[in-house]
Structure formats: structure tokens, C-alpha cells
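Visitor: return atomic coordinates for the entry below.
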Amino acid sequence: MTMKNALRTIPLPWLAWVALAHSGPMDPSPPQGSASKAAAATEQEEDRRRMEARAYAIGPVRRITLSGARFFDAEGKPCTADPPPARVTERYVRNFLRQAIPISQVAVMNYYGSFGECTSDPVDVQFKDGRQVRLSLAADSGVGYLSPVVKGREEDVYFYYCEVCKR
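Guide: As a prediction, the model looks like this:
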């Protein structure tokens, strides 16, 4: 059975397929097995984590251990022109932890961070409740990278920004 059009004859089954194809949003991906569904869910979870500003429970500080007070580039070479103050101090770290706000990884990449920026040596911070984190500070942007340490290993990364801490 066909329908007459002024230009040509169009078969009805084809029209039904076109109507179905353009009737609404459909998932264009092919049917997936459970392994590929799990991988897709993992990717979506990672994307969600990159987009949201996650906060780590920062509490009263027991101890701050500085491994070095200078800033280094991505290759491990000392930065040639450290902005004042050129050293990471215990006071600076306490001030950063007190005033910083959580931001997302995407915000660091798009707004706050700068490509090739120098970062500090990791600073080990132990809270009064026994938790330990490792903190690296960016030289110019006021961004800090905080990683909880569990059994000697860094678990995750939380991104913080401190406007008044910018150098």
C-alpha cells in the first residue's frame, strides 16, 4: 500500500519508520552488556565528580609538616621567579585551610588555575581526630590540591580556592 505524493510514491512502512525515528529522543547507543554498562556508569560518576565542588571535612589542625618551602614547575625545577612571599610556611597553610572554599576540578581548569603554574612541595597536615592529608599549593592562583592519606597512600583529590591567599 502506498500513499500518493505530488512528487513521488512513498511506501507506508518507510513513513512509519521515519515517524518513529523522529518522534522523540532515543538512546542512540547499541544494546550494551553488563560490563559496558558498568564502565559507562563509572565514566558518568567520574564526570559528575569533576563537575561538582566537593568539600573535605577540615577540622582543627594538630601538626603541619613541611617537606620543602619552595615552589617547583612540572619538571621538578625550582621556579625562577617565586612571587612574594616565596616560601610556604606553617602560618600560610593554616590560613589557607581556614579561608579556602571547595571548587570543582573543572573550575580549576577553566577559571582559577593557570597552565604550567608552579606548585609547592607537598605539605603533610594531621588533624586532631587523627586524619591526615597532603596539600600542594599553586604559586599564583590561590588553588590548593588536598589529598587524604589512608595507610600511607593518597586516596582522592579535593580542590580548594582561597582569594585572600593568592600571592
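Visitor: ok now do residue 97, which residues does it touch?
Guide: By C-beta atoms under 8 Å, 6 or more residues apart in numbering, the contact set of residue 97 is 58, 61, 125, 135. (Glycine included, C-beta is placed from N, CA and C.)
Visitor: so which residue is dead centre in the chain?
Guide: Nearest to the mean C-alpha position of the chain, counting by C-alpha atoms, centre = their mean, stands residue 105 at 2.4 Å.
Visitor: which residues in the chain form helices?
Guide: Per DSSP state H, the chain carries helices over the ranges 12-21, 34-51, 90-99, 105-107.
Visitor: can you give me the buried ones in the third one?
Guide: Judged by neighbour count using 16 or more other C-beta atoms under 10 Å, the buried positions of helix 90-99 are 92, 93, 96, 97.
Visitor: between those residues, which is nearest residue 77?
Guide: Nearest to residue 77, judged by C-beta to C-beta, of the buried residues of helix 90-99 is residue 92 at 22.0 Å.
Visitor: surely that closest one touches residue 164?
Guide: No - using C-beta atoms under 8 Å as the test, residue 92 is too far from residue 164 to be in contact (11.1 Å).
Visitor: just how off-centre is the biggest strand by length in the chain within its chain?
Guide: When the chain is parsed with DSSP state E, its longest strand is strand 143-150. Chain-centre distance of strand 143-150: 12 Å, with C-alpha atoms, centre = their mean, to the nearest Å.
Visitor: helices and strands around that strand, which ones?
Guide: Judged by 3 or more C-beta pairs under 8 Å, 6 or more residues apart in numbering; DSSP states H and E, strand 143-150 is in contact with strand 132-137, strand 158-161.
Visitor: okay, those, which one's buried deepest?
Guide: Mean neighbour count (mean count of other C-beta atoms under 10 Å) peaks for strand 158-161 among the helices and strands packed on strand 143-150, with a mean of 23.
Visitor: and it, what does it pack against?
Guide: strand 101-103, helix 105-107, strand 143-150.
Visitor: kindly recompute the last result at 6 Å.
Guide: In terms of contact count using 3 or more C-beta pairs under 6 Å, 6 or more residues apart in numbering; DSSP states H and E, strand 158-161 is assigned the packing partners strand 101-103, strand 143-150.
Visitor: pick the most deeply packed of those strands.
Guide: strand 143-150 (a mean of 19).
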